[in-house]
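S.K.: Okay, structure incoming, though there's no sequence with it:
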């Protein structure tokens, strides 16, 4: 029982918005679609909602053709990136709107809307106009209106992206609970943020420039990103990518770096590769690659140190709060067992991933 | 500093108010004069400087030396209101379509259609008058209210379309889409969601249409003869060999009255903030 996209294509000229997109969205699961801006995430949602037609391909809902149904006939609810509400209606009426359209009895409407406003923490604001609320509250109104319908398909298009950091974290935590009530339906959640995708999604779809790069369970995608491109999209801070060669018993990279070749790479022929190292695997050490700090940022209980080295730009994630003045020197060490190996050409197909048990 | 600024502001407003109000006040005093009063040099204050008379006002309602203004007044109201109503209804629908849907006929696209509407206003009225005359003649609608209404719709529709396209473009499209996902069919989206959010725009467009329609002299003059006289034509018709300034002033005041009332109401609505910033 699911919504299936079959090789959807949409686009004008050289840069298609959707390029042979095939995916399955399971009922009862929350699927996060992650990708940078212009990845085609919003376009995919608009096609699912019936607001836009694909040039070719098909949508099937529970095995039945879905593409031919009009937008108002699809039972799809959507929450936009921008806080979109009906400006002329009060908060209460905004949430009641879809129910009134369905001709639900007035007493029922009052009951449902009141309960829903309670749930999103807006009980006190029912009489206000959306424009009299803060951004976070406006987005809650939009969410409440989408949830109250219990629509078969719920689309959330980067609903938190326009909120400030604190509010985003708070709403994200609330989302899991709020979305529980929609569990009988199909939920798709677009995001650019790996942390959001990991935290909310039962399923993860990685998109880039209109293509689906990988789909699967978030942890698995994280363990085995199909390519260097996927790795860069789902890692925040981004994965360090080192261009180098496998040469006999060594890994050779820029700046005369020579590391012992781990056994895991035995099957790989000598030649050029991209080596990936997650920021949390890069280590500060007493000897190794010298780098100059370009900037450092503290995020929660971790510090990200960005440094320019002979290998290129690197990010090192360090536990705890550290100060690394800009321009100061750091020495980095690369634990070879933690390296991902990607092909040098194209998106960088995954050739070898670290053993899972080695990644805490 | 603030005090100086607000002093200058109010000074400027005062000067402007005098500039705007003076001709009206002049018309008021003149409407109360007789022939002697008008020719007897510059006088402004009734009773003190000249003996007021209601002769000018009486002449508007069938009194001596004037015209009966009631007939033309009713004609003007009917023609202007009808033309405005038709223009707003058609213009709003057309503008919504032009704002939300992409039309394509050969090389003609939405922007071309909008330009086509506006282009109706590019030509000077005198150029349009001959085709209008011939068309109304063909339809047998010369010198009739219906004929004038049709001509005014042709002239007012571009204004309505132009203003409303601009206004609809300012209403986020996502609101339409959201309404559609909430189960509304396209016309319901327009009727239940977009229209209630567009009342300020409609009001502005209607105001422009009323002003243009009410003040038009040229087409009312060229396309009617005796049966259907509109107010501006009737006012000018007063001006025969001897100009009855008192009647002329009174009729001018009477004819701007509706516009003053409209301006007053619209100003009230706008300043109450119910309309200003209804969207974003």
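M.R.: Happy to help now that I have it. Model, not experiment: these values are computed from the prediction. Numbers count the residues shown, from 1 in each chain, chains lettered A, B, ... in the order given.
S.K.: Show the contacting residues for the residue nearest to residue A:75 when sequence neighbours are not counted.
M.R.: Nearest residue to residue A:75, sequence neighbours excluded (Cβ to Cβ, 6 or more residues apart in numbering or on different chains): residue A:152, at 4.4 Å. All C-beta spots, glycine's among them, are computed from the backbone N, C-alpha and C. Neighbouring residues of residue A:152 by Cβ atoms under 8 Å, 6 or more residues apart in numbering or on different chains: A:61, A:75-76, A:185-186.
S.K.: Between the two ends of stretch B:236-255, what distance do you get?
M.R.: This stretch, stretch B:236-255, spans 12 Å end to end (Cα to Cα, to the nearest Å).
S.K.: Mind listing what's buried along that stretch?
M.R.: Across stretch B:236-255, burial judged by 16 or more other Cβ atoms under 10 Å in any protein chain shown covers B:238, B:244-255.
S.K.: so how far is residue B:217 from residue B:125?
M.R.: According to Cβ to Cβ, to the nearest Å, residue B:125 stands 10 Å off from residue B:217.
S.K.: Then residue A:296?
M.R.: Distance from residue A:296 to residue B:217, counting by Cβ to Cβ: 76 Å.
S.K.: Comparing those two, which shows the higher neighbour count?
M.R.: In this view residue A:296 and residue B:217 are compared by other Cβ atoms under 10 Å in any protein chain shown, and residue A:296 has more residues nearby, 20 against 14.
S.K.: Now the element after the helix or strand where the more buried one lies, going C-ward?
M.R.: Using DSSP states H and E, residue A:296 sits within strand A:283-299. Under the assignment DSSP H and E, the closest C-terminal helix or strand after strand A:283-299 is strand A:302-309.
S.K.: And the average pLDDT for that following strand is what?
M.R.: Taken as a whole, strand A:302-309 has an average pLDDT of 91.
S.K.: And the contacts of residue A:152, which is the shakiest by pLDDT?
M.R.: When those are compared on pLDDT, residue A:185 comes out lowest, with 89.
S.K.: Which residues are in contact with it?
M.R.: The contact partners of residue A:185, by Cβ under 8 Å, 6+ apart, come to A:27-28, A:150-154.
S.K.: per-residue pLDDT, residue 220?
M.R.: Assuming you mean chain A. If you check residue A:220, the pLDDT there is 92.
S.K.: switch to chain B, that's the one I care about
M.R.: You'll see residue B:220 listed with a pLDDT of 90.
S.K.: go on, residue A:293?
M.R.: The model reports residue A:293 with a pLDDT of 92.
S.K.: So what pairs up with it in the strands?
M.R.: In this entry, residue A:293 is beta-bridged to residue A:307, by DSSP bridges.
S.K.: I figured it hits residue A:304, correct?
M.R.: No. Between residue A:293 and residue A:304 there is no contact under Cβ atoms under 8 Å: 10.9 Å.
S.K.: quick revisit: now which of the contacts of residue A:185 would you call buried?
M.R.: A:27, A:151-154.
S.K.: ok, and the closest non-adjacent residue to residue B:237?
M.R.: Distance criterion Cβ to Cβ, 6+ apart; nearest residue to residue B:237, sequence neighbours excluded, is residue B:67 at 6.6 Å.
S.K.: ok, now which ones touch that neighbour?
M.R.: Contact analysis of residue B:67 by Cβ under 8 Å, 6+ apart lists B:59-60, B:234, B:237-238, B:247.
S.K.: Check residue B:34 too.
M.R.: B:51, B:53, B:55, B:246.
S.K.: top of those residues by neighbour count?
M.R.: In terms of neighbour count, residue B:246 stands highest of the contacts of residue B:34 at 26 neighbours, by other Cβ under 10 Å.
S.K.: did I read that right, it in a strand?
M.R.: No. According to DSSP: H, G, I helix; E, B strand; the rest coil, the state of residue B:246 is helix, so it is not within a strand.
S.K.: For the strand holding residue A:296, buried residues please.
M.R.: Buried, per 16+ other Cβ under 10 Å, within strand A:283-299: A:283, A:288-289, A:291, A:293, A:296.
S.K.: Report the inter-axis angle for it versus strand A:302-309.
M.R.: Taking axes from the mean of the first three to the mean of the last three Cα atoms, to 10 degrees, one finds strand A:283-299 and strand A:302-309 inclined to each other by 120 degrees.
S.K.: Just the residues contacting strand A:283-299, thanks.
M.R.: Residues contacting strand A:283-299 (Cβ under 8 Å, 6+ apart): A:255, A:257, A:303-311, A:313-314, A:316, A:318, A:321-335.
S.K.: Drop anything exposed from those residues.
M.R.: Looks like the contacts of strand A:283-299 have A:257, A:303-307, A:309, A:311, A:314, A:316, A:318, A:324, A:330, A:332, A:334 buried, using 16+ other Cβ under 10 Å.
S.K.: For stretch A:45-58, give me every contacting residue.
M.R.: Taking Cβ under 8 Å, 6+ apart as the rule, stretch A:45-58 contacts A:3, A:5-11, A:18, A:20-21, A:43, A:59, A:65-67, A:69-71, A:73-74, A:76, A:78, A:153, A:155, A:157, A:188, A:190, B:177, B:180-181.
S.K.: Please list the residues of the stretch 51-200 of chain B that sit near chain A.
M.R.: Residues of the stretch 51-200 of chain B lying close to chain A by Cβ under 8 Å from any Cβ of the partner chain are B:172, B:174-175, B:177-185, B:193, B:196-197.
S.K.: which ones among those are found in helices?
M.R.: Assigned to helices by DSSP state H, the following of these qualify: B:174-175, B:177-181.
S.K.: before we move on, back to that, going by distance to chain A, which of the buried residues of stretch B:236-255 wins?
M.R.: residue B:255 (36.2 Å; Cβ to the nearest Cβ).
S.K.: ok, the closest one touching residue B:238?
M.R.: No. Taking contacts as Cβ under 8 Å, residue B:255 lies outside contact range of residue B:238: 11.5 Å.
S.K.: distance of residue A:149 from chain B?
M.R.: For residue A:149, the distance to chain B equals 8 Å [Cβ to the nearest Cβ, to the nearest Å].
S.K.: Same check on residue A:38?
M.R.: Distance of residue A:38 to chain B, given as Cβ to the nearest Cβ: 18 Å.
S.K.: That residue: neighbour count?
M.R.: Neighbours of residue A:38 under the rule other Cβ under 10 Å: 14.
S.K.: what's the answer for residue B:268, then?
M.R.: When neighbours are defined as other Cβ under 10 Å, residue B:268 has 10 of them.
S.K.: Over to residue B:9?
M.R.: Residues near residue B:9, counting by other Cβ under 10 Å: 10.
S.K.: For the chain, which residues score under the pLDDT cut-off?
M.R.: Defaulting to chain A. Applying pLDDT under 70 to chain A flags the ranges A:1, A:12-14, A:356-360.
S.K.: let's do chain B instead
M.R.: Applying pLDDT under 70 to chain B flags the ranges B:1, B:63-66, B:241, B:270-280.
S.K.: how close does the residue nearest in space to the middle of it sit to residue B:157?
M.R.: Centroid check for chain B by Cα atoms, centre = their mean gives residue B:211 as the closest residue, at 1.1 Å. Between residue B:211 and residue B:157 the distance is 15 Å, computed by Cβ to Cβ.
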